[in-house]
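# here is a sequence together with a model predicted from it:
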Amino acid sequence: MKTTASPAERPAAELITARIVELGDWRGKTLAKMRALIQQADPEVVEEWKWRGTPVWAHDGGICTGESYKAVVKLTFHNGAALPDPAKLFNSSLEGNVRRAIDLHEGETIDAAAFKTLVRAAIAHNTARRVKKKPTK
């Protein structure tokens, strides 16, 4: 797993771990579990720390963010509207043209295999877009 430095020169992985510890409740445990699933789905995932404190996972572009709120942990997929979601994991931000999100509330579980499939679909989407943008010689 690769990391990118934050403006404060601390590795993103360290900042994400600190956020998980700082939460100290079900939200931290949920964010840690989702982070582990992302890393299992893509061992080459890049962890970033953006927008004044948001964990971001990327591979050939953004995959998703991991936000924590009082009542929900939200995983927002950058190009979620373009991804197949046969397991119907997306349950938030469904009206948008680009992003889709998964809101996890205390006590909820997620289908780990379906989530990893969604992460891999996001990577495939990013890679296809990157290849399309390369100029031809």
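Cool, got the structure. Residues are numbered from 1 along each chain as shown.

# for this structure, give me the ranges with low pLDDT.
Scanning the chain for pLDDT under 70 picks out 1-8, 132-137.

# all helices for the chain, in order.
Secondary structure of the chain (DSSP state H): helices at 12-23, 26-41, 112-133.

# could you measure from His126 over to Pro11?
Actually, residue 126 is Asn rather than His. With the distance defined as Cβ to Cβ, to the nearest Å, Asn126 ends up 22 Å from Pro11. For every residue, glycine as well, the C-beta is placed using N, CA and C.

# out of those two, which sits in the more crowded spot?
Asn126 (18 against 15; other Cβ atoms under 10 Å).

# was I right about the more buried one contacting Asp60?
Yes - at 4.0 Å, Asn126 and Asp60 qualify as touching, with contact defined as Cβ atoms under 8 Å.

# report the central residue of this structure.
In the chain, the residue lying closest to the centroid (Cα atoms, centre = their mean) is Cys64, at 2.9 Å.
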